[in-house]
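S.K.: with the sequence up front, the predicted model follows.
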Protein chains: 2
Amino acid sequence: MVKIAVLGFGTVGSGVVEVLRKNSQSISRKAGDVIDIKYILDIRDFPDSPERHLLTKDIDAILDDDEVSIVVEVMGGIEPAYSYTKRALLSGKHVVTSNKELVATYGAELLAIAKEKNINYLFEASVGGGIPIIRPLNQCLAANEITEIVGILNGTTNYILTQMIKEGKSFEEALHDAQEKGYAERNPEADVEGYDACRKIAILSSLAFGYQVDAERIHTEGITKISMEDVEYADHMECVIKLLAVSRKMGDKIFARVSPVIIPKSHSLAGVEDVFNGILVRGDAIGDVMFYGRGAGKFPTASAVVADIIDIVRNIDRNSRVIWTKSEQDLMVDIGETKCSYFVRIKTDDKPAVINVISRVFGSCNFVSIANPKTADEVAFVTPPRKEKELSVALNSINNMPFVNAVYNVIRVEKE
Amino acid sequence: MVKIAVLGFGTVGSGVVEVLRKNSQSISRKAGDVIDIKYILDIRDFPDSPERHLLTKDIDAILDDDEVSIVVEVMGGIEPAYSYTKRALLSGKHVVTSNKELVATYGAELLAIAKEKNINYLFEASVGGGIPIIRPLNQCLAANEITEIVGILNGTTNYILTQMIKEGKSFEEALHDAQEKGYAERNPEADVEGYDACRKIAILSSLAFGYQVDAERIHTEGITKISMEDVEYADHMECVIKLLAVSRKMGDKIFARVSPVIIPKSHSLAGVEDVFNGILVRGDAIGDVMFYGRGAGKFPTASAVVADIIDIVRNIDRNSRVIWTKSEQDLMVDIGETKCSYFVRIKTDDKPAVINVISRVFGSCNFVSIANPKTADEVAFVTPPRKEKELSVALNSINNMPFVNAVYNVIRVEKE
């Protein structure tokens, strides 16, 4: 019998306990041993829970209990999750987590402790909810040099964009709708500003390339500036706007970015709608592989946590070699040095002058116009591929011209 | 250093050797040991191959060599692959394979030997080429009771259907095209009659439900009867025709089937085109998860084989608990007892009489008509859900009516 402790009895924690109870027979068969929940830690009381006899507020009792061999950290946030996790690993307990913030921030350190102690720190649930992605990347695609990962990693923003695209709702309406449905939090910042997707692509990049990719080094833009007109322009171009997390190997370096991107409707990720996530992995042998499913939610996430628990029970005496380390060198490519095409909207009273200037600055652009009267005072176009730093300079100079009233929006465009 | 032998130097075998050579550094790092190819077995000579010094025709030398701890069987077919695999496992050597026919037929027996010997028989490459599906099913979704698997598992037939749907080619033209491109064999029977997909769904079902599902117990229809008119009708119904392999848990029993199915264009698998495969897995905790990628080809398949090799090197001293057993009872649900809607086309000189009879036999049907003059002499309709055995009886009686000239085709219809 393997005894475990669950830290945090919120949505994910209670889901983990429920899945372990409901499918206990098949889980024991697959794990090769019986899994017994000895403690559930939470600062709250749950007097009506059937699990109330397991609830405790005493972390020391858990960490000092030699019978507990696996700690399931589903509290979220950095502290006290970080301290608890580190103490658990140092005392030789395996740790399973769904905490993307912690993995993205302290992954390298915690994985090194796990390796040193010959135990495991597993985090399948930290990216893509229940979608198997961490283990496939680490094991199934191990024969490949991963060259690129492109993902829709945040269900909340994908739901909002889908509502804007399909139902013609404004960003504010769609956000409100997502909040009503429980898809977005009351403070939606982490989702709509792209921070959540940024942490997840940091984890996937670290895993794929073997070196810690710090979330704060990843250029991150959210979807708050996306308007109905942008959506309409994209549609006119046979495209959709998606919040994409991108990570690419560029020589010996890594480029990562989170931002809205205009992609063709024929793109594999264009059909990923609502709260679903989709992750495209490109490897040198495999070509493109895509993973798709619910990226969040109580039971999908719990399912991934429990899969990690089963994996540890199967391999209780060894480290699973999920590892990345801190690099001595700076591996990150500066966003200014990367190339992209851009969709640009400029407000002007003198369209011919703007069109003339743009062609001089960018070379031949594709101009786009839609019937919406709100866009009557603007010139919209897609530039040829340019370095980001060149774009900034060019837009600055254009913005200073007397016949340019404003730059409404700039959105990256990718063809595949 | 771990020494391996590769049995078969065809497309997959040479791909495995190439991937091991090309990515040797990162593969060693991930495996935690150096992988050394000691033998390559083939009955042919390859005098110009850089690997010629490793080539042998002597299987005994390989199986008697205690230095060889992993045998990679990529010969295909039942014999001599079965004998070699069994001997290798019995002598304590791990075996990795891409041989779906062998796994589908002798999986239970070979897995039992591997378990008994505390070694591994792994076959990630047998289904979905390079798409990670075996390991995700077995590990990542281990917390779930799998309730259903629906897959486009054969790239050749999917390419042919895509050509019919998108390019308006006939079955024969599309098949010829697939043969020209190397997507279909000269004798395309195993693909177009559905046998290949049948073996693959047998493997996935066995894995998901824990009991050997024999391929010959799976109702299997190919795509040879699908005509351009069928494709046109489907399009008119906002649907496409796909060759679907389906496996469902029904109470304590299992239902599996391979056949063309009319599915809505909004279905997750409708967008899986050309030689790509897509596999939808439904679990009680996870909901729907989809896996997508190239289901065949030298390097995708080699990538999956090498991933299995790496996994074995990581866990050289233990069985990985991939297992299914033969059941004492008959677990298979008879196809006659399963329900489905059907698209039916009846050739007639007396449409009102046919319409009248159909409504009496099936209740309210949805009638469909297209502008194609070739369909002027027919009545086409979609039935409400009926048991397969009821449909057979009904169609028989309709077929015997004087005003019915022929039943052109019957294709299953599924909404989700």
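M.R.: Yes, it's here.
S.K.: and A:Thr157, what does it touch?
M.R.: A:Asp191, A:Val192, A:Gly194, A:Ala197, A:Gly222, A:Ile223, A:Leu243 (Cβ atoms under 8 Å, 6 or more residues apart in numbering or on different chains). In short, each C-beta sits where N, CA and C put it, glycine included.
S.K.: which of the residues you listed lies closest to B:Leu90?
M.R.: B:Leu90 has its nearest neighbour among the contacts of A:Thr157 in A:Ala197, at 50.5 Å by Cβ to Cβ.
S.K.: gap between the closest one and chain B?
M.R.: Distance of A:Ala197 to chain B, computed by Cβ to the nearest Cβ, to the nearest Å: 19 Å.
S.K.: ok, A:Pro352 next?
M.R.: 42 Å.
S.K.: what's in contact with the helix or strand hosting that residue?
M.R.: Here A:Pro352, judged by DSSP states H and E, is contained in helix A:351-362. For helix A:351-362, the external contacting residues (Cβ under 8 Å, 6+ apart) are A:346, A:348, A:365, A:367, A:379, A:381, A:383-384, A:386, A:394, A:397-398, A:401, A:403-404.
S.K.: let's go with 7 Å and repeat that
M.R.: By Cβ atoms under 7 Å, 6 or more residues apart in numbering or on different chains, the residues outside helix A:351-362 that reach it are A:346, A:348, A:365, A:379, A:381, A:383-384, A:386, A:394, A:398, A:401, A:403-404.
S.K.: got it, and stretch A:167-180?
M.R.: A:Thr156, A:Tyr159, A:Ile160, A:Gln163, A:Met164, A:Ala184, A:Arg186, A:Pro188, A:Val192, A:Thr224, A:Ile226, A:Met228.
S.K.: state the pair within the residues you listed that is farthest apart.
M.R.: A:Arg186 and A:Met228 (24.1 Å).
S.K.: comparing those two, which residue is more hemmed in?
M.R.: Neighbour count, other Cβ atoms under 10 Å in any protein chain shown: between A:Arg186 and A:Met228, A:Met228 has more, with 16 against 5.
S.K.: how close does the more buried one get to B:Asn23?
M.R.: 47 Å (Cβ to Cβ, to the nearest Å).
S.K.: cool, A:Gln212 as well?
M.R.: The value you get for A:Gln212 to B:Asn23, if Cβ to Cβ is used, is 22 Å.
S.K.: quick one: contacts for A:Glu73?
M.R.: A:Glu73 neighbours (Cβ under 7 Å, 6+ apart): A:Leu7, A:Ala81, A:Tyr84, A:Thr85, A:Val95, A:Thr97, A:Asn99.
S.K.: ugh, wrong one, I meant A:Ile4
M.R.: Taking Cβ under 7 Å, 6+ apart, we find A:Ile4 in contact with A:Ile35, A:Ile37, A:Lys38, A:Val68, A:Ile70, A:Val72, A:Ile309.
S.K.: tell me the SS of it?
M.R.: strand (DSSP: H, G, I helix; E, B strand; the rest coil).
S.K.: show me where the stretch 251-400 of chain A has its helices.
M.R.: Here the stretch 251-400 of chain A has its helices, by DSSP state H, counting those that start in this stretch, at A:298-314, A:351-362, A:388-399.
S.K.: looking at those helices, which is buried most?
M.R.: Comparing the helices of the stretch 251-400 of chain A by mean neighbour count (mean count of other Cβ atoms under 10 Å in any protein chain shown), helix A:298-314 ranks first with a mean of 26.
S.K.: how far does that helix sit from its chain's centre?
M.R.: Computed by Cα atoms, centre = their mean, to the nearest Å, the chain-centroid distance of helix A:298-314 equals 19 Å.
S.K.: check stretch A:309-319 too.
M.R.: 26 Å.
S.K.: and the contacts of that stretch?
M.R.: Under Cβ under 7 Å, 6+ apart, the answer for stretch A:309-319 is A:2, A:4, A:27, A:30-33, A:35, A:69-70, A:72, A:94, A:96, A:114-115, A:118-120, A:122, B:139, B:142-143, B:321.
S.K.: still on that earlier bit, which of the contacts of A:Thr157 lies closest to A:Ser341?
M.R.: Nearest member of the contacts of A:Thr157 to A:Ser341, counting by Cβ to Cβ, is A:Leu243, at 17.7 Å.
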